[in-house]
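[1] Got a predicted structure here, sequence first:
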Amino acid sequence: MERRKKIIQYVIALLAAMAAVLGGLFAGTGAAAKDPGDGDPRSAGAEVFTGLAFDTCEAPSLGSMNAWRKSHYRAVGVYFGGRGRACKQQTHLGPRWIREVHRSGWNVLPLYVGSQSPCVFNDGKKHVPIEGDPWTRGVEEARDALERAAALGMRERSALYLDVEAYDQRDAECAEHTLAFVRAWSREVRRQGYFAGFYSSSTSGVEHIESARRRGVRDLPDILWFARWNVPPSLYEEQVLDRAAWGPHRRIHQFKGNVVEEYGGVKMKIDPNLVDAPVAVVDLDEPLDDGKSPKRPGKKPARTAAKNPARTAAKNPAKNPAQKAAKNAAKNPAKNPAQKAAQKTAQ
């Protein structure tokens with residue numbers, strides 16, 4: 001009897017170990033590949049910002065960002081991709097912009113506005129519904145977000161925030177369709193070593209995600225960015241969220257919308273946010289192109305230099321700058337700076 005009991009305990013322990021290994025494999029290899037509630041994201045490599053942030057439809061110019069250093073904001077939300085993005089033409093946004101604002105003391109919160117729920121309330125978003133299989137669509141759009149983030153110089157352990165505007169979560173079929181998309185997007189982003197964030201209205205998408213968490217649904221986002229306007233900014237007083245969940249450093253509260261503020265002589269229409277969450281990890285070492293449109297990763301620059309510059313110069317003296325300068329100086333002494341200076345001294 002005792003022996004049978006030990007065998008059963010051994011089998012249970014073995015099965016639990018196998019489940020843990022398989023869970024790790026399916027969750028992904030990156031340290032960021034965890035579901036919410038797994039502790040401080042900084043232990044998995046996140047860079048966390050705590051303070052006030054603003055987001056605006058189009059990334060401001062570097063001059064405007066410098067002017068707004070006089071404000072109380074120290075982080076900026078940028079809409080870096082997605083078929084549902086309102087301001088598709090981002091005049092200033094590029095790898096150089098990301099690097100320069102980071103160097104000048106700003107933190108970056110990257111927002112991806114992909115396909116929207118089929119039961120979205122906003123008429124301006126109904127033209128980009130989640131089509132086909134929601135899981136497949138979520139993975140595809142996550143990969144697009146990851147490619148764009150990498151091209152902008154946002155490294156692994158950055159947080160990427162999926163923006164899903166308010167939808168009718170009481171429509172059960174639509175809600176499940178939307179949830180599958182969000183889960184697939186979040187899982188793929190984590191699998192590739194980034195943190196998956198989620199933005200939506202408190203009384204819609206955020207409440208829906210919290211309900212899924214309470215039901216034990218897996219593959220949910222790591223961080224919640226909830227919009228509840230015209231209330232005092234607060235991270236842990238949000239009524240639809242369990243105070244013990246989504247922490248530490250996993251919450252952002254958007255507490256106003258479409259307000260105009262001015263600093264350093266520059267006015268902007270913004271949404272203010274209270275933040276305690278991961279931000280973009282910016283690559284400051286990679287060489288930059290001319291700055292605006294990020295290049296797709298994987299393409300090597302064309303080779304322009306000769307294999308052996310010295311040999312080339314010897315074969316073709318006309319292309320050797322030093323020889324060319326000496327030749328010109330010999331032909332026209334008046335243009336030789338050394339001879340010209342000597343002539344002046346003699347005079």
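    Here it is on my side, so go on.
[2] List of residues touching the helix or strand where residue 160 lies?
    Per DSSP states H and E, residue 160 falls inside strand 159-163. For strand 159-163, contacts defined as CB atoms under 8 Å, 6 or more residues apart in numbering pick out 46, 77, 79, 82, 84, 109-114, 145-146, 149, 154, 182, 185-186, 189, 194-200, 221-223, 225, 277-280. Glycine gets a C-beta too; all of them are placed from N, C-alpha and C.
[3] Now, those residues that are in helices?
    145, 146, 149, 182, 185, 186, 189 (DSSP state H).
[4] Kindly indicate which of those lies nearest residue 101.
    residue 149 (15.3 Å; CB to CB).
[5] Show the contacting residues for that closest one.
    80, 81, 110, 158, 160, 194, 280.
[6] Output the longest strand belonging to this protein.
    strand 266-278 (DSSP state E).
[7] Counting by contacts, list what that one packs against.
    strand 48-55, helix 62-67, strand 75-81, strand 107-112, strand 195-201, strand 223-227, strand 251-254, strand 259-263 (3 or more CB pairs under 8 Å, 6 or more residues apart in numbering; DSSP states H and E).
[8] Among those, which comes closest to residue 119?
    Of all the helices and strands packed on strand 266-278, strand 195-201 comes closest under CB to CB, at 12.9 Å.
[9] so the helix or strand just after the closest one versus strand 195-201, what angle?
    Counting by DSSP H and E, the element after strand 195-201 in chain order, helix or strand, is helix 207-214. Note on geometry: by axes from the mean of the first three to the mean of the last three CA atoms, to 10 degrees, helix 207-214 and strand 195-201 are set 130 degrees apart in direction.
[10] packing partners for helix 207-214?
    Using 3+ CB pairs under 8 Å, 6+ apart, helix 207-214 is in contact with helix 172-191, strand 195-201.
[11] right, so these: which one is the most enclosed?
    strand 195-201 (a mean of 26; mean count of other CB atoms under 10 Å).
[12] Flag the shaky bits of this protein, pLDDT-wise.
    Scanning the chain with the threshold set as pLDDT under 70 gives 1-38, 286-347.
[13] Please repeat the previous calculation with a cut-off of 90.
    Low-confidence segments of the chain, defined by pLDDT under 90: 1-38, 283-347.
[14] now the contacts of residue 149 in TSV, with distance to residue 260 and neighbour count?
    Shown next, in TSV, are the contacts of residue 149 (distance: CB to CB, whole Å; neighbours: other CB atoms under 10 Å):
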residue	distance to residue 260	neighbour count
80	24	25
81	26	25
110	24	23
158	30	29
160	28	28
194	33	30
280	26	26
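[15] Looking at these, which one is closest to residue 65?
    Using CB to CB, the contacts of residue 149 come closest to residue 65 at residue 280, 14.6 Å.
[16] sorry, back to before: would you reformat the contacts of residue 149 as CSV and include distance to residue 175?
    Shown next, in CSV, are those (distance: CB to CB, whole Å):
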residue, distance to residue 175
80, 27
81, 25
110, 26
158, 29
160, 23
194, 26
280, 30
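[17] Of the residues you listed, just say which sits nearest to residue 132.
    residue 81 (19.6 Å).
[18] Could you pull up the contacting residues of the closest one?
    112, 113, 114, 144, 145, 148, 149.
[19] what's across from the closest residue to residue 253 other than its chain neighbours in the sheet?
    Nearest non-adjacent residue to residue 253, counting by CB to CB, 6 or more residues apart in numbering: residue 274, 4.6 Å away. Assessed by DSSP bridges, residue 274 has beta-bridge partners residue 52, residue 253.
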